[in-house]
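Student: Got a predicted structure here, sequence first:
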Amino acid sequence: MVGTPFSNLGFERFLGTLHLDLLRAPVGDRHVSQWMRSHGCNIGGEPSGHIILRNHSETGDGLASALQALAVMARTGSPLSGLLPRYEAVPQHLSGISLPNGRNVDPLVIPSVRAAVAEAERRLQGKGRLVVRMSGTEPLLRVLVETSDEPAARDIIDLISAEVATASRNAA
């Protein structure tokens, strides 16, 4: 199955119990679809709800996904609630850190910001996951912290935010 960096860690763990892997393509239907083709996968999607069923279409199609779900319900006689996978989602803490003055400079090239990200990853080791990337549409650094430890998630977001602000002030 193909997802993105924002696909929930709990879902990945659930797939593992079914002996299935979750491959993480870059964000966007186009990337998910390309990864599906190159890895021979039939199902992919994004947490936004875009689901790609490659044996029906190369793009996310909500109507096609709904019709497939209805077909399974009709074939099995089960309600949708009886067909949905039961997995424990890991809480996701997402922040968009504004880049001062709308600069479109990638703060991830700044050594002190990279060091803060490395420190955050160290703190999460064994307890969660961290995704840090530039937004493709806005002057934001997107930070996703996946962990059940909410105070740690807030601390990590604050750590990275503070370092981006400090690095931006020093670069001005």
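Tutor: Nice, thanks for sending it over.

Student: Could I get the full set of helices for the chain?
Tutor: According to DSSP state H, the chain carries its helices in the segments 9-17, 29-39, 62-76, 80-83, 111-124, 150-171.

Student: ok, now which ones touch Pro85?
Tutor: Contact analysis of Pro85 by C-beta atoms under 8 Å, 6 or more residues apart in numbering lists Phe14. (Each C-beta comes from the backbone N, C-alpha and C, glycine too.)

Student: That should have said Arg133, apologies.
Tutor: If you count contacts by C-beta under 8 Å, 6+ apart, then Arg133 has 5, 27, 108, 141-142 around it.

Student: Now neighbour count too, for these, in TSV please.
Tutor: Conversion of those to TSV gives the following (neighbours: other C-beta atoms under 10 Å):
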residue	neighbour count
Pro5	16
Val27	19
Leu108	13
Leu141	22
Arg142	18
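
Student: Out of these, which comes closest to Leu70?
Tutor: For the contacts of Arg133, the minimum distance to Leu70 (C-beta to C-beta) is 28.7 Å, reached by Val27.

Student: and the closest one, backbone torsions?
Tutor: Dihedral pair for Val27: phi -60, psi 140, per degrees, to the nearest 10.

Student: do you know how far it is from Asn170?
Tutor: In this structure, Val27 and Asn170 are 29 Å apart, going by C-beta to C-beta, to the nearest Å.

Student: Farthest-apart pair in the contacts of Arg133, please.
Tutor: Across the contacts of Arg133, no pair lies farther apart than Val27 and Leu108, at 15.5 Å, counting by C-beta to C-beta.

Student: In the record's domain split, what are the boundaries for the protein?
Tutor: 2-83, 92-171 (automatic domain parsing).
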